[in-house]
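> need a structure here:
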Amino acid sequence: MNPSPLRVAESLSHPAAGPLSSPRQSFNRLLAALPADEFQRIAPHLEFRPLKTRQTLHKHGERLKEIYFPGKGLCSITNTMEDGGVVEVATVGNEGFVGIGAVLGESLGTGEAFVQVQGEGAQVLDIETFNREMALKGAFHDVVSRYSQAFVGLIMQSAACNGLHSAEERCCRWLLMTQDRVGLDEFPLTHEFLAMMLGVRRPTVTLVMAELARAGIVTHVRGRVRIADRAALETASCECYKTVTALFNRLLP
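Residues are numbered from 1 along each chain as shown. Below you'll find the model as predicted:
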């Protein structure tokens, strides 16, 4: 079976934070899709930064100053209710960028963006350079706009999924999308964290994960989950995973 497009990326390693040492192809799929001359023009403005688990990238209501283009790893966008309840509304990996509000005409962060699974780090572009590149209406504008359309489609599908599908189906969808972005069969994950991401109670997640483990689909030990049977996980997931994957295939081939 061919891997999902969200799982395919060319990896670069950078030893420390700082400007890119040379205008090479990016480990972020959006930046890697740019023509060479376009990327070379932007490269001097990109700063590589390692990302740590639970690191906050954008806070809700704060002015956007930087746009993050992650490598393999997982960033979450969450909303917090008045009672303190937190729920995930979207995830971002190397297929996209963190700071979608800058494209949609909002200069303030909507929701909180933080690193959920530490990975390759991110290439960071200051908001002034980002806006200037978008105003040129060139290749950078095109790939960012296509991703923004896919992101909105992801949000719409997730809203329908949360209202219509079971906790088990949604959990399988979340695990598939996380594996796609991380690029590994095993990654850190606690029941408490997954419950927050899915907007359900922790005992519900415990029951779901136990059932998946009994079926031989996943293993979950000491805060780490391993996908043991990818095909079975896709079968157990709702239709939303395939729908979103097809959307990203179409808009970001």
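> Strands of the stretch 101-250 of the chain, start to end?
Using DSSP state E, counting those that start in this stretch, the strands of the stretch 101-250 of the chain run over 112-117, 122-126, 186-188, 218-221, 224-227.
> Any chance of a markdown table for those strands, columns mean neighbour count, mean pLDDT and distance to residue 146?
For glycine as for every other residue, the C-beta is placed from the backbone atoms N, C-alpha and C. Converted to a markdown table, those look like this (neighbours: other Cβ atoms under 10 Å; pLDDT from 0 to 100; distance: least, Cβ to Cβ, whole Å):
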| stretch | mean neighbour count | mean pLDDT | distance to residue 146 |
| --- | --- | --- | --- |
| strand 112-117 | 22 | 93 | 20 |
| strand 122-126 | 23 | 97 | 17 |
| strand 186-188 | 17 | 94 | 27 |
| strand 218-221 | 16 | 93 | 33 |
| strand 224-227 | 17 | 96 | 28 |
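> can you give me the helices for this structure?
29-32, 36-42, 127-135, 139-164, 167-182, 191-198, 202-214, 230-236, 240-251 (DSSP state H).
> Report the buried residues of the longest one.
Yep, that's helix 139-164 we're talking about. 139-140, 143-144, 146-148, 150-151, 153-154, 157-158, 161-162 (16 or more other Cβ atoms under 10 Å).
> Out of those, which is nearest to residue 41?
residue 140 (8.9 Å; Cβ to Cβ).
> what's the distance between the nearest residue to residue 225 once chain neighbours are set aside and residue 247?
Distances taken as Cβ to Cβ, 6 or more residues apart in numbering place residue 189 nearest to residue 225, at 4.5 Å, with adjacent residues excluded. Separation of residue 189 from residue 247 (Cβ to Cβ, to the nearest Å): 25 Å.
> Of those two, which one has the most company?
residue 189 (23 against 18; other Cβ atoms under 10 Å).
> Contact partners for that one?
Residue 189 is in contact with 178, 220, 223, 224, 225, counting by Cβ atoms under 8 Å, 6 or more residues apart in numbering.
> And the pLDDT at it?
On pLDDT, residue 189 comes in at 91.
> And residue 64, by the same measure?
93.
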